[in-house]
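# Give the three-dimensional model of this entry:
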Amino acid sequence: MIKTSIETSIKINFHQHPLAETSRTVDFDRLHCGSENYCSEYALTDEEETDKDFGWYHYFGHLKSLVSQILIEASISCRILTDILKKYSNDSDNKELNVEKWLREAVDKTSIGEVSRGSVTLSLRESFNKLIHATEISLCYDQQINTEDHLYKFWTGSVELEGHHNGEDWSISIEIMNWTRAVQRFLAIVEKQVDMYHLYKYDS
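Residues are numbered from 1 along each chain as shown. Predicted structure coming up:
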């Protein structure tokens with residue numbers, strides 16, 4: 001279990017998603033904020049010996065696997081939800097439901113990431129697509145000196161994604177905290193604007 005020291009957390013609940021089997025929470029505050037505390041305490045760095053029982057490679061191997069799994073599962077759920085909502089909004093009785101507008105409002109002026117290669121417009125919906133279809137995901141690191149003058153590296157809370165689409169390579173970075181909050185805002189708008197009971201009952 002990855003040790004953390006932050007008690008507050010950001011949680012994204014997917015219990016309203018029509019295809020979700022259980023309530024899903026994303027606890028990125030603990031993973032992100034706890035990373036620096038843990039790495040500082042144990043002075044973790046990729047320059048250390050590889051035969052430690054619980055060193056850099058063990059910690060970041062588990063961290064990358066966990067972050068990747070959460071991001072992909074959340075993106076799949078959100079992408080399916082947006083597709084269902086778009087279909088639902090095409091009904092003559094639901095023309096006032098503007099899913100694209102809600103996605104834009106959820107991001108507002110927040111930067112969820114940057115594009116470093118490729119013709120990508122990084123909207124919230126497109127971030128779901130990129131997270132699902134990326135062929136490579138990397139955690140971004142920074143380094144500091146701890147109170148005992150030992151160098152350590154830690155996860156900054158950003159991830160870099162690479163992939164290939166329509167004959168073009170692309171590369172983007174995602175700021176996980178901002179992305180998570182944008183997803184939270186989107187789900188809050190959906191909960192307020194959509195008759196979820198009607199959606200679940202009549203969606204097919």
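# okay, CA-based contacts and neighbour counts for the rest of this
Will do.
# For the residue nearest to the spatial centre of the chain, which non-adjacent residue is closest in space?
Residue closest to the average C-alpha location in the chain (Cα atoms, centre = their mean): residue 71, at 4.3 Å. The shortest distance from residue 71 to any non-neighbouring residue, by Cα to Cα, 6 or more residues apart in numbering, is to residue 131 (6.9 Å).
# Check the burial of the one you found by counting its neighbours.
24 (other Cα atoms under 10 Å).
# what about it, which helix or strand?
helix 124-133 (DSSP states H and E).
# C-alpha coordinates for that helix, CSV please?
Provided in CSV are the C-alpha atoms of helix 124-133 (Å, rounded to 0.1, in the frame of the first residue of the first chain):
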residue,chain,number,x,y,z
LEU,A,124,-12.1,17.5,-21.6
ARG,A,125,-13.8,15.0,-24.0
GLU,A,126,-10.6,14.7,-26.1
SER,A,127,-8.6,14.1,-22.9
PHE,A,128,-10.8,11.0,-22.3
ASN,A,129,-10.0,9.8,-25.8
LYS,A,130,-6.2,10.4,-25.4
LEU,A,131,-6.1,8.7,-22.0
ILE,A,132,-7.9,5.7,-23.4
HIS,A,133,-5.9,5.4,-26.6
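# Now do it: distance to the chain's middle.
10 Å (Cα atoms, centre = their mean, to the nearest Å).
# Buried residues in that helix, which are they?
124-125, 127-132 (16 or more other Cα atoms under 10 Å).
# Turn the residues you listed into a markdown table, columns for pLDDT and distance to residue 88.
As requested, those are exported to a markdown table (pLDDT from 0 to 100; distance: Cα to Cα, whole Å):
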| residue | pLDDT | distance to residue 88 |
| --- | --- | --- |
| 124 | 94 | 20 |
| 125 | 93 | 17 |
| 127 | 95 | 22 |
| 128 | 95 | 20 |
| 129 | 93 | 20 |
| 130 | 93 | 24 |
| 131 | 94 | 25 |
| 132 | 94 | 23 |
